[in-house]
Structure formats: structure tokens, C-alpha cells
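S.K.: pasting a predicted model and its sequence here:
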Amino acid sequence: MKYGRALLRDVEGYVPGEQPAQTDVVKLNTNENPYPPSPNVTGALAALSGDRVRRYPDPVSLRLRQACAERYSYDNADWVIAGNGMDELLALAIRAFVDPGDRILTTYPTYTLYSTLAALHGADVVNVDLDDAFQLPPAFFETPARLCFLPRPNAPSGVCAPRADVEKLCVTFDGVVVIDEAYVDFADDNCLDFPKRFENAIVMRTFSKSFSLAGMRVGAAFARPELIAEFMKIKDSYNMNAASQAAGLAAVEDYAYMEANVAKVRATRERLTASLAELGFRVSPSQANFVLAQWDDSPSARAIFERLKKRAIYVRYFDAPRLDGALRITVGTDEEIDALLDALREILDEGAADA
Ligand SMILES: Cc1ncc(COP(=O)(O)O)c(C=O)c1O
């Protein structure tokens, strides 16, 4: 007899027990922030008392939600839920708003976890192909479903749909629209006002990217109180541990620190984009902390990926339609990006002796 489910998802780039020390490799494969979080975060973690740890945490993460409401100009914490990473909130959205057998709409390409979560729930996913510029095609607005996941900026292209398109979606879509703003702090604009304007809109944020808190697992969703109440009904009693709540709070209260890190990442992103274009890659205009670099020549993108790995430089390669000729590269520090560019120049000079 066979117990359990097939493994539906590799945790991106993670080898259990073998996570290399950050100093040993140039790790540009999981879109982490290359800079540490605000010192207030590490201070708040160090200050956690034995009593705080001995007791159960606040089940509804009230202080963190209040701080988010204040920072992002919502009336009060009823408009916000905090989650154990945005991934938890994505799973809750499916459980709250979709029945097994229902349809979930998203794009292709998109964040791969949506399909995994849908499969675990017994829901069907409709992936509508983005156009050649990774923008939403007309068919996207004509596909009925219970729930829609729209990553904006898109992952893995980094391209942002125009706000007008998201507005059109909220108006025409007869279901709940989750606007996944995991990377939006690196973008020129956002849709944080949409939940106030559209009753079916939910904006989700993660603290893993711009706030440098991937290891702490903090996410937040903003929506009308009626929708937030649906999440609250079904979440685990203590979905956010005491350390994550403290770290998230300290991070959001030191917003300027995050903005300064984001400014550095954006500047490096522009330099990376220009340098990759000089090397002959086609790079989509990214609004995120990564770029998708398409390569139509020899050696193949996969061979370049393997050769970078031999040099201890990790980028992301997708063995998937439309993406198998591309590398997704996280924007690291300037030194890391210099190391990557030097390695790419060497690999391309070595020529087409394809592995
Ligand atoms: C598009 C997108 N949404 C959500 C997430 C999940 O973020 P978290 O680390 O908060 O679970 C990621 C993480 O890579 C992502 O790329």
C-alpha cells in the first residue's frame, strides 16, 4: 500500500542539510535580498524574553497587523491578516474561496506554487499564456473562475501588468482576485489601493524580499474586513510565532531602512540588465529583484546554468516551455553581480563547446 502524496514541489534550490554557507557560493537563485534586515529586527529577536517564548504567541498578530494598517494607510487591523510567509496566505485563499473541482485562473508563466496548492485542494488551474512581452492577453479577461492569482510584478519575468489591466480584471472577474505583490517594493507603482476600491480584490505582500526576512516567514494580506474574516476563520490558531511577529513589526516600523536597501537593489538591477544586454541576452524590463535573461544562442541556457554552478554561482533554470532558453537571476550585491558577469564573459568566450 502506498501512503502519502507524491512530492509535488521542490523547494527551490534547497538541499536538505546541505544549504551552503552564503560565503561559499554566489546565490542568485531564490530572489532573497542580498542585504541584511534592519538592525531593529535582529535587536527585537535578541530581546525576546524567556517568557515570550514560554507562552503562546498572540493568535491574531494584532500589533503587526496594526502596524501594517498604519504604514499602508488602512483604517484598522480588520483590513489585514498576517501569515507565516505569503505562501500560507495563498493556501488559505484557496481554502477560503475555492471548492474542490472549482477553477483557479492564473497566467503562464507564473509562480509555480499556485498550481501545487490547487492540486492539493483538488481544484483545476487554468493557465492563460502571457503574450510575447509577458503582458496579459484578452483571453485572460474572458476566463471564468472562482479565484484568480495575478503576480504583479510577474514571476519569473519581472514584468508588471499596467494598473489599468488589473482594474479591468477586478471589474470583470466574477470571483476573488489575489494580486500577488511579493516583489512590488522594487517596482514603480502598486495596487495597494485596490481592496478599498474593489470588493473582490486582495493584495498580498511578503516580508521575504524587500524587508530581507525570508528566514522569518512573514506575509500580509490586505482586503475588505469581510474577506479578511474568511481567512481568520480557517487559519491555524497560532499561525505566526512570537519571533516572526516581533521581526515583522520591527521591520515595518523601520520602513526607511527597507527603502534604502530597495534603492540599492534597483540600481544594481539596472546595471545588470544593461550588462546582460551587452553580452547578447534579451532581458525583459524587470520591476522585481530579479531579471529573466533569455538566450537564443550556443552554449544553451541550460549549459550556461551548469557552467555557472561549477563556478559556485547559482542562478535559476526552468526546464519548462518558454523558459528553457532563459536564466532567472536574482539581483545580488554589486560584488556578486560582478562575479556573475565575469563568469558569464568567460563561459561565452569558451564558446559553444556545449556540455
Ligand atoms: C510571486 C511570489 N509570491 C509569493 C512568494 C512567497 O513568499 P513568502 O516567502 O512570503 O512565502 C514568492 C516567493 O518566492 C513569490 O515569488
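M.R.: Structure received. Numbers count the residues shown, from 1 in each chain.
S.K.: got the CA positions of stretch 304-317 in PDB?
M.R.: C-alpha atoms of stretch 304-317 as PDB (Å, rounded to 0.1, in the frame of the first residue of the first chain):
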ATOM      1  CA  ILE A 304      25.400  28.200 -19.100                       C
ATOM      2  CA  PHE A 305      23.500  27.400 -15.900                       C
ATOM      3  CA  GLU A 306      25.500  24.200 -15.300                       C
ATOM      4  CA  ARG A 307      28.800  26.000 -16.000                       C
ATOM      5  CA  LEU A 308      27.900  28.800 -13.600                       C
ATOM      6  CA  LYS A 309      27.100  26.200 -11.000                       C
ATOM      7  CA  LYS A 310      30.500  24.600 -11.400                       C
ATOM      8  CA  ARG A 311      31.900  28.000 -10.500                       C
ATOM      9  CA  ALA A 312      29.700  28.100  -7.400                       C
ATOM     10  CA  ILE A 313      27.300  30.700  -8.900                       C
ATOM     11  CA  TYR A 314      23.700  29.600  -8.600                       C
ATOM     12  CA  VAL A 315      21.000  31.100 -10.800                       C
ATOM     13  CA  ARG A 316      17.600  29.600 -11.700                       C
ATOM     14  CA  TYR A 317      17.000  27.500 -14.700                       C
END
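S.K.: which residues sit against it?
M.R.: With Cβ atoms under 8 Å, 6 or more residues apart in numbering as the test, stretch 304-317 has contacts from 12-13, 20, 24-30, 156, 295, 299, 301-302, 324, 327-330, 339-340, 343-344, 347-348, 350, 355. Where C-beta positions appear, they are placed from N, C-alpha and C, glycine not excepted.
S.K.: cool, stretch 46-56 as well?
M.R.: 238, 242-243, 246.
S.K.: by neighbour count, which of those wins?
M.R.: For the contacts of stretch 46-56, neighbours were counted using other Cβ atoms under 10 Å, and A246 has the most, 22 neighbours in all.
S.K.: how close does it get to the ligand?
M.R.: For A246, the distance to the ligand (Cβ to the nearest ligand atom, to the nearest Å) stands at 17 Å.
S.K.: skipping adjacent residues, who's closest to that residue in space?
M.R.: Distances taken as Cβ to Cβ, 6 or more residues apart in numbering place A44 nearest to A246, at 4.5 Å, with adjacent residues excluded.
S.K.: swap in M86?
M.R.: Nearest residue to M86, sequence neighbours excluded (Cβ to Cβ, 6+ apart): G219, at 3.5 Å.
S.K.: next one: phi and psi at the one you found?
M.R.: phi -140, psi 170 (degrees, to the nearest 10).
S.K.: so what's it up against?
M.R.: 82-89, 204-208.
S.K.: mind pulling up the pLDDT for it?
M.R.: What the model reports as pLDDT for G219 is 98.
S.K.: of the contacts of stretch 304-317, buried ones?
M.R.: Neighbour counting with 16 or more other Cβ atoms under 10 Å marks 25-30, 156, 295, 299, 301-302, 327-330, 339-340, 343-344, 347-348 as buried within the contacts of stretch 304-317.
S.K.: taking those residues one by one, which sit in helices?
M.R.: Secondary structure from DSSP state H places 301-302, 339-340, 343-344, 347-348 of those in helices.
S.K.: could I get those residues in JSON lines, plus columns for distance to T112 and pLDDT?
M.R.: Output for these, formatted as JSON lines (distance: Cβ to Cβ, whole Å; pLDDT from 0 to 100):
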{"residue": "A301", "distance to T112": "18", "pLDDT": "97"}
{"residue": "R302", "distance to T112": "18", "pLDDT": "97"}
{"residue": "A339", "distance to T112": "28", "pLDDT": "97"}
{"residue": "L340", "distance to T112": "24", "pLDDT": "98"}
{"residue": "A343", "distance to T112": "27", "pLDDT": "98"}
{"residue": "L344", "distance to T112": "25", "pLDDT": "98"}
{"residue": "I347", "distance to T112": "27", "pLDDT": "97"}
{"residue": "L348", "distance to T112": "29", "pLDDT": "96"}
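S.K.: of these, which pair is most distant in space?
M.R.: Farthest pair in these (Cβ to Cβ) is R302 and A339. Separation: 20.6 Å.
S.K.: buried residues, stretch 140-159. List them.
M.R.: Buried residues in stretch 140-159 (16+ other Cβ under 10 Å): 140, 145-159.
S.K.: which residues in this structure form strands?
M.R.: 26-27, 80-83, 103-108, 124-129, 147-151, 176-180, 201-206, 219-222, 282-283, 290-294, 313-314, 316-317, 326-330 (DSSP state E).
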